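Here is my input, please return the structure:
(chains A and B)
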Amino acid sequence: MADSDVILLDLWISVFGARVRIALAEKGVKYEYREEKLDDKSPLLLEMNPVHKKIPVLIHHGKPVCESNIIVQYIDETWHANSPPLLPSDPYLRAQARFWADFVDKKIYEGAKKIWTTKGEEQEAAKKEFMDVLKVLEGQLGEKPYLVGESFGFADIAMIPFCIWFYTLNKIGNMNIEKECPKLAAWVKRCMERESVTKSLPDAHKFYELVLEMQKKKGQ
Amino acid sequence: MGKSSEIKLLGTAASPFVNRVQFVLNLKSIEYEFIEENLFCKSELLLTSNPAYTKVPVLFHENKPPLAESLIIIEYLDEIYPNIHPILPSDPFERAYNRFWANYIDTKFFPLFMEMRRTHSKEGKEAIKKQIIEASQLLEEAFVKFSNGKAYFGGDNVRYLDVVLGCFLGWIKFSEKRNEFKAFDEVRTPKLLEWTKRIWTHEAFKDAIPNTETLVNFYMMLQKYKP
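So this is what the prediction gives:
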């Protein structure tokens, strides 16, 4: 029975929404899922996130929490009694987890979008820049199973939804991300062994179709 | 009382993100060594300690590997010195609400000033001024909610958002003078304007906010190397 005290305003295809779904699933929190329409935002969304008018928004006891990485931390802190912990207990490692989750926010989204919104030389430059960013994550993974140590956590949750973009990037950008970043590819496989992840991620092919549609609309 | 705890801060006096960390170190009475960085000729130390961004501030604590990103450094300092002038509240919802506005300030508010510097046309500048004024309106409303009638975002005492927004006051004033406008004023943002006066004179802030000369010099370098 969904806990009506927890409502998630979301869009299934959203990587940011996926982060929150994964976190809620990891903690075993029951919630009510509400799919929003980007071109017809609900009055509740506009009321709960007046500043950005964006999903995801977690509404808990009627109060909104916005911004996916902030929501994931909120979930960890509020349901701290539920295992597993999403952030490490050591302050230094916690800072590391936050750093990498923030790195994903700063570098992955815009970097990837550039690849399917540009052509020619501009696209080549975007591809190189994006691969450089992925190589940084490869470096961070090193021999570790997860981004910040031995357990799946905040930084992994921040990044894993973007793996569904790899299919699109490989096709449109004529890339082979998995080949160039084998550690990242292995990490993706490892994360996909978690039910919280597989149940929360949108379909990679559907995302590709969406991007193709967007490109068509823009006459690309 | 936080004693000399082997904390080194790599930074530049003109960087508001560095100033932010300095405010927190001051509030928590933590002694530290300041290592001045030249952002226009980056040192080996910066390049190796923050390879992801090559930006300041970078915090070195004891023998641990370096930490970067001002908001992350602040949370770290708050967690290792939780009993001296706490910066973030303990309630998860309050923490999320504080983090939300810090994110707004860093991704929506201050970047407008950076954009202003790089915009040369009159129309362009006017458009940005309009956006700054709208954003400062939102910040005024946020201040009213957070302060609950008291002096600071944190209530009776300076806390997270006072530090997060307060660090930009030097640059905001600089931009206001240069571009002949007011980001905060008595009519639109009266409470915030009062708050800025308190921050300028606050013990932990006043020596860390850079003076006009420092800002002018840095500005000239920015115009030269990052027009």
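
in the longest helix along chain A, what's buried?
Using DSSP state H, we find that the single longest helix of chain A is helix A:91-117. For helix A:91-117, a neighbour-count test (16 or more other Cβ atoms under 10 Å in any protein chain shown) marks A:91-92, A:94-105, A:107-108, A:111-112, A:114-117 as buried. From N, CA and C alone the C-beta is placed, and that goes for glycine too.

And stretch A:52-59, by the same measure?
A:54-59.

And the contacts of it?
The contact list for stretch A:52-59 (Cβ atoms under 8 Å, 6 or more residues apart in numbering or on different chains) reads A:6-11, A:14, A:16-17, A:19-20, A:36, A:41, A:44-46, A:48-49, A:64-68, A:71, A:74-75.

next one: stretch B:140-160
For stretch B:140-160, the surrounding residues in contact (Cβ under 8 Å, 6+ apart) are B:23, B:27, B:74, B:85-89, B:98, B:101-102, B:161-162, B:165-166, B:184, B:188-192, B:195, B:198-199, B:202, B:204-205.

same thing but at 7 Å, please
By Cβ atoms under 7 Å, 6 or more residues apart in numbering or on different chains, the residues outside stretch B:140-160 that reach it are B:27, B:87-88, B:98, B:101-102, B:161-162, B:188-189, B:191-192, B:195, B:198, B:202, B:204.

re earlier: out of the buried residues of stretch A:52-59, which is nearest to chain B?
residue A:58 (8.8 Å; Cβ to the nearest Cβ).

so when I look at that closest one, I'm seeing a strand, right?
Yes - the assignment for residue A:58 by DSSP: H, G, I helix; E, B strand; the rest coil puts it in a strand.

Strands along chain B, start to end?
Secondary structure of chain B (DSSP state E): strands at B:7-11, B:33-36, B:58-61, B:67-68.

would you turn those strands into a markdown table with mean pLDDT, distance to residue B:224 and mean neighbour count?
Formatted as a markdown table, those follow (pLDDT from 0 to 100; distance: least, Cβ to Cβ, whole Å; neighbours: other Cβ atoms under 10 Å in any protein chain shown):
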| stretch | mean pLDDT | distance to residue B:224 | mean neighbour count |
| --- | --- | --- | --- |
| strand B:7-11 | 97 | 21 | 21 |
| strand B:33-36 | 96 | 19 | 14 |
| strand B:58-61 | 98 | 24 | 23 |
| strand B:67-68 | 98 | 25 | 24 |
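
gap between the residue most central in space within chain B and residue B:20?
Centroid-nearest residue in chain B, with Cα atoms, centre = their mean: residue B:167, separated by 3.1 Å. Separation of residue B:167 from residue B:20 (Cβ to Cβ, to the nearest Å) stands at 4 Å.

Then residue A:120?
The value you get for residue A:120 to residue B:20, if Cβ to Cβ is used, is 41 Å.

What's the local residue count around the residue lying closest to residue B:216 once chain neighbours are set aside?
Among residues not flanking residue B:216 along the chain, residue B:174 sits closest, at 7.7 Å (Cβ to Cβ, 6 or more residues apart in numbering or on different chains). Residue B:174 has 18 neighbouring residues, counting by other Cβ atoms under 10 Å in any protein chain shown.

so residue B:174 makes contact with residue B:215?
Yes - using Cβ atoms under 7 Å, residue B:174 is in contact with residue B:215, at 4.9 Å.

Figure out how far stretch B:200-208 is from the centre of its chain.
13 Å (Cα atoms, centre = their mean, to the nearest Å).

ok, and what's touching that stretch?
Against stretch B:200-208 from outside (Cβ under 7 Å, 6+ apart): B:19, B:22-23, B:26-27, B:158, B:166, B:169, B:199.

who's in contact with the closest residue to residue A:10 other than its chain neighbours?
If the residues on either side of it in the chain are set aside, residue A:10 comes closest to residue A:17, at 3.9 Å by Cβ to Cβ, 6+ apart. Applying Cβ under 7 Å, 6+ apart to residue A:17 gives the contacts A:10-11, A:55-56.

May I have stretch B:125-138 as CSV, with CA atoms only?
Extracted C-alpha coordinates of stretch B:125-138, given in CSV (Å, rounded to 0.1, in the frame of the first residue of the first chain):
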residue,chain,number,x,y,z
LYS,B,125,23.2,44.3,-20.0
GLU,B,126,19.7,45.6,-19.5
ALA,B,127,18.3,42.1,-20.0
ILE,B,128,20.6,40.7,-17.4
LYS,B,129,19.9,43.5,-14.9
LYS,B,130,16.2,42.6,-15.2
GLN,B,131,17.0,38.9,-14.5
ILE,B,132,19.1,39.9,-11.5
ILE,B,133,16.3,42.0,-10.1
GLU,B,134,13.8,39.1,-10.6
ALA,B,135,16.2,36.7,-8.9
SER,B,136,16.9,39.1,-6.0
GLN,B,137,13.1,39.3,-5.5
LEU,B,138,13.0,35.5,-5.0
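
Identify all contacting residues around that stretch.
Contacts of stretch B:125-138 (Cβ under 7 Å, 6+ apart): A:51, B:108-109, B:112, B:115-116, B:119, B:179, B:181, B:183-184, B:188-189, B:192.

So which of those wins on neighbours?
In the contacts of stretch B:125-138, the most neighbours by other Cβ under 10 Å go to residue B:183, 25 neighbours.

Could I get the contacting residues of that residue?
Residue B:183 neighbours (Cβ under 7 Å, 6+ apart): B:132, B:136, B:172, B:176.

any chance of these in CSV, with pLDDT and neighbour count too?
Converted to CSV, the contacts of residue B:183 look like this (pLDDT from 0 to 100; neighbours: other Cβ atoms under 10 Å in any protein chain shown):
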residue, pLDDT, neighbour count
B:132, 98, 24
B:136, 98, 22
B:172, 96, 20
B:176, 95, 17
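
which helices and strands does the helix-or-strand element of chain A with minimal mean pLDDT pack with?
Lowest by mean pLDDT, DSSP states H and E among the helices and strands of chain A is helix A:204-217, with a mean of 93. Applying 3 or more Cβ pairs under 7 Å, 6 or more residues apart in numbering or on different chains; DSSP states H and E, we find helix A:204-217 packed against helix A:166-172.

With respect to residue A:187, which of the contacts of stretch B:125-138 is nearest?
Among the contacts of stretch B:125-138, residue B:108 lies closest to residue A:187 (Cβ to Cβ), at 32.0 Å.
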